[in-house]
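**Student:** test case, fold it:
(6 chains)
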Protein chains: 4
Amino acid sequence: MSRVSQPTLCRPEGKSVDEQRTSRKRRANGEESRRRILDAAVEVAVERGYDGTSIALVSKKSGLPASSIYWHFKDKDELIAAVIERSFGTWLALWVLPEGDGPRERFSALATLIGKALLDSPDFLRLGLMLTLERRPVEASARRMFLQVREQACRQVAATLREVVPELPDESVALLTTYAMAAADGLFIAKEIGGDSVDLVALFELHAHSLYDTAVRLSAPGRP
Amino acid sequence: MSRVSQPTLCRPEGKSVDEQRTSRKRRANGEESRRRILDAAVEVAVERGYDGTSIALVSKKSGLPASSIYWHFKDKDELIAAVIERSFGTWLALWVLPEGDGPRERFSALATLIGKALLDSPDFLRLGLMLTLERRPVEASARRMFLQVREQACRQVAATLREVVPELPDESVALLTTYAMAAADGLFIAKEIGGDSVDLVALFELHAHSLYDTAVRLSAPGRP
Amino acid sequence: MSRVSQPTLCRPEGKSVDEQRTSRKRRANGEESRRRILDAAVEVAVERGYDGTSIALVSKKSGLPASSIYWHFKDKDELIAAVIERSFGTWLALWVLPEGDGPRERFSALATLIGKALLDSPDFLRLGLMLTLERRPVEASARRMFLQVREQACRQVAATLREVVPELPDESVALLTTYAMAAADGLFIAKEIGGDSVDLVALFELHAHSLYDTAVRLSAPGRP
Amino acid sequence: MSRVSQPTLCRPEGKSVDEQRTSRKRRANGEESRRRILDAAVEVAVERGYDGTSIALVSKKSGLPASSIYWHFKDKDELIAAVIERSFGTWLALWVLPEGDGPRERFSALATLIGKALLDSPDFLRLGLMLTLERRPVEASARRMFLQVREQACRQVAATLREVVPELPDESVALLTTYAMAAADGLFIAKEIGGDSVDLVALFELHAHSLYDTAVRLSAPGRP
DNA sequence: AATGAATGAGGATTCATTCAT
DNA sequence: AATGAATGAATCCTCATTCAT
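**Tutor:** Predicted coordinates:
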């Protein structure tokens, strides 16, 4: 049967450059086709959601027949899961606290970074949010993949918070983490809705600032 | 031919009482069918999105044949628009700043209110966000309706901000409004993802607090 | 949704004549379409088996689009089940022991009748045997339907045996019934293979004769 | 290109021992693959028939890629023909009248043997009957092969009849042969349907007995 | 002696929608 | 105020087969 790829969450999808240059030059046409299919799939999925992503459309955009898509991916669900998987690297790479002077500045720099990232490669989040908003339990793998990645991002945020404001109690860290992620999601959506009238960078700076203040406030002994 | 409802944003769907008295029993049955269709449609739309909402499914859930759905609604687009329209009243009613003591308290009370609202009738926001995240220009009326409602909510938030922190400059109001709405959206999604582990009320309180602090900070003359 | 017919095993499919003449003359076009689909389906199923019966082919033969077939039948399985159901009446009607002189003669007459029946309307048995030879547990309803009908035929044979040779012990009745049915099936197949070179009527006469003799032998006290 | 086997009806597939000695280890692996494919193919064909036997399924069951199947067999038709061919030896070997005392006993012994055979390796007959029941002229070679084998079996039965009841006239031999084969087929099917509730051995004994009686009757001068 | 990749045709089924009644 | 019936286009996916390696 077909060689369907199992989602290898940890392959950071950047190795393929030298692979292509090495031995399996022409033999590895499969790799190239797979890429083309994925490219087409992101494009479609991002603008139409799960149900709106038809194999026929992906086939047209990728130039490969529908049956070839099924050679590379077991079904639509796994195709979309692979799409999500692929943006994983790009996305997660950003969640590293940049070196910097004071905690506040570093925090702010991170926020700016994320804001910019959302502008440049928003596919991952957009698709993930789409899948999340739908309630049905089907299309399991795609959704699961998104949630895994998101979970990892959450841990990163929590770590950053703890690093920057060490005396913050654990429940506060949890609360703030959720809040930080949520606002990030929301700002992404706001940008979608408002378009150019929304200054994402300014908003993320605001977010970072307010987050920091709140963290400090919550770490101080006397307050509700 | 059929009496298709144009989306009258301001008819809060409860006035139908006198309609019923006017045209008498004859129409009562039609109204009931329409309601059943809408009920079924929300259920489906909420868990599958626009493309996933098939007339056949709505037909099955409502118990009425597909052709009857087309008697009540011009097409799928208008059906979903109607679904959104219906949650309008419920939703907008919440965005009234409750009477209260100090500005901070009133602010906080509002936030709590919204948090609770999201728990009780989340269909409106969920559906709207779904439509928003898709990039293509289909399902025009439904999307437009959602954005109108959202716009109205934004104005309400802005007004509240101005009322509570009068000296806030206009750009800051705009920025903060966007931020406030975004965070609300994000928190809603966080609740979807996290389920019971997410304390929506606490988060909204945190949100209100941090928003208020930020507003005060931004209204003060000297600050970054 | 569609009005999919539940298999009413006991409607002997002969009433439809006056129905057509009465009220729902033009309204009952559905009935007519259903019939056309079934006609086409027997034709195809009989010469290609279950898997070979494609909806597209049935659609072409019946002149109705594939989607219309799905209005009348839930899926392929139910279509074929309906096909089997329809030949039920024709087929079962034969299994009545004709009036006649001695038991041997009546037995023989029945056999002749069945032999002739197999020549005239072999669809039921052919399809049923096809389904039976396939081992998979799917396509449930079609297969189940055949087995039900067959079961009924078995009871008829057993009753006839008991009537003709009353002193036959119960286990012998069971054994002979199975044997009688089996040989009938086999003779049908032999006719399929041998074509004109096979004299089905003569074979069934032989069968009846040998069956009768065996029954008599088994009912006699002394022998294995 | 590929070494596709033409159906050599008489190579009973066991002789490959010397082949192995001739061309040595090199080909052993090919032979093994071929066997695995055939094993998988019987399994599938037996439970789904000709149309239901997909190369993909055979590929999955055998663990070999579809393209490898095409190296060993020209097409699906020849694959199934090979499947049937393989059961040939096993099956035909049974049709030898065992040595024994009286004609009646030898007859009975043969029947018992066949009954047991049907229980042990029913694939051949099942597949053959499946192919026979379909009316269209496809899968030519497989069908032809089955009919050849069956023809041979018929000759064997006829010979046995003549040997056991020498004075039987020729037309009676033909008729009885057809009848004997038909009943055997039918009993096989009965076993399929009835499962454990069907005592195949007892039925075949009954069959042999009744066949013998009938033969004797037909060979006697005075009878209807 | 294989096999990874590809492919066009066709598989069943569902789609949104219409129309006569 | 409905609804039974129909329908063409689209859905996802599998088919048998080929070919370069």
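
**Student:** all strands of chain A, in order?
**Tutor:** With DSSP state E as the criterion, chain A has no strands.

**Student:** let me see the contact set for the spatially most central residue of chain A.
**Tutor:** Central residue of chain A (C-alpha atoms, centre = their mean): residue A:124, 3.9 Å from the mean position. Each residue near residue A:124 by C-beta atoms under 8 Å, 6 or more residues apart in numbering or on different chains is listed here: A:84, A:87, A:88, A:90, A:91, A:146, A:149. All C-beta spots, glycine's among them, are computed from the backbone N, C-alpha and C.

**Student:** and the closest residue to residue A:47 other than its chain neighbours, backbone torsions?
**Tutor:** Leaving aside its sequence neighbours, residue A:47 sits nearest to residue B:135 (C-beta to C-beta, 6 or more residues apart in numbering or on different chains; 3.7 Å). Dihedral pair for residue B:135: phi -90, psi -20, per degrees, to the nearest 10.

**Student:** surely residue B:135 and residue A:44 touch.
**Tutor:** No - in this structure, residue B:135 is not within contact of residue A:44 by C-beta atoms under 8 Å, at 10.2 Å.

**Student:** who's more crowded, the two?
**Tutor:** residue A:44 (23 against 12; other C-beta atoms under 10 Å in any protein chain shown).

**Student:** tell me the residues of chain A that contact DNA strand E?
**Tutor:** A:3, A:28-34, A:64-68, A:70-72 (C-beta under 7 Å from any atom of the strand).

**Student:** ok, so of those residues, who is nearest chain B?
**Tutor:** When the residues of chain A next to DNA strand E are ranked by distance to chain B (C-beta to the nearest C-beta), residue A:66 comes first, at 18.3 Å.

**Student:** for that closest one, give me the pLDDT.
**Tutor:** Looking at residue A:66, its pLDDT is 98.

**Student:** what segments of chain A are helices?
**Tutor:** With DSSP state H, the ranges of helices along chain A come out as A:16-21, A:29-52, A:55-62, A:66-72, A:76-92, A:103-120, A:123-133, A:140-164, A:170-194, A:200-219.

**Student:** let me have those in a markdown table, adding distance to residue D:176 as columns.
**Tutor:** Output for the helices of chain A, formatted as a markdown table (distance: least, C-beta to C-beta, whole Å):
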| stretch | distance to residue D:176 |
| --- | --- |
| helix A:16-21 | 73 |
| helix A:29-52 | 62 |
| helix A:55-62 | 60 |
| helix A:66-72 | 54 |
| helix A:76-92 | 60 |
| helix A:103-120 | 86 |
| helix A:123-133 | 71 |
| helix A:140-164 | 63 |
| helix A:170-194 | 83 |
| helix A:200-219 | 92 |
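
**Student:** right, so the ones you listed: which one is the most enclosed?
**Tutor:** helix A:123-133 (a mean of 23; mean count of other C-beta atoms under 10 Å in any protein chain shown).

**Student:** before we move on, back to that, closest to chain B among the contacts of residue A:124?
**Tutor:** residue A:146 (9.4 Å).

**Student:** skipping adjacent residues, who's closest to the closest one in space?
**Tutor:** Using C-beta to C-beta, 6+ apart, the closest residue to residue A:146 is residue A:128 (3.7 Å).

**Student:** check what pLDDT that neighbour gets.
**Tutor:** At residue A:128, pLDDT is 86.

**Student:** before we move on, the earlier item: please identify which two of the residues of chain A next to DNA strand E are farthest apart in space.
**Tutor:** For the residues of chain A next to DNA strand E, the farthest-apart pair by C-beta to C-beta is A:28 and A:66; their separation is 22.0 Å.

**Student:** got a list of contacts for stretch A:131-150?
**Tutor:** With contact meaning C-beta under 8 Å, 6+ apart, stretch A:131-150 is reached by A:7, A:9, A:49-50, A:76-78, A:80-81, A:83-85, A:88, A:91-92, A:124, A:127-128, A:181, B:46-49, B:52, B:126, B:129-130, B:133, B:189, B:192-193.

**Student:** and it, anywhere near DNA strand F?
**Tutor:** No - Stretch A:131-150 lies out of reach of DNA strand F by C-beta under 7 Å from any atom of the strand, never closer than 9.7 Å.

**Student:** now do that stretch: distance to the chain's middle.
**Tutor:** Mean C-alpha position of stretch A:131-150 versus that of the full chain (C-alpha atoms, centre = their mean, to the nearest Å) differs by 13 Å.

**Student:** again, but for stretch A:177-193
**Tutor:** With C-alpha atoms, centre = their mean, you get 13 Å for stretch A:177-193.

**Student:** what sits against residue A:58?
**Tutor:** When contacts are taken as C-beta under 8 Å, 6+ apart, residue A:58 is in contact with A:37, A:40, A:41, A:44, A:69, A:79.

**Student:** sorry, that was for residue A:52
**Tutor:** Contacts of residue A:52 (C-beta under 8 Å, 6+ apart): A:44, A:45, B:50, B:51, B:134, B:136.
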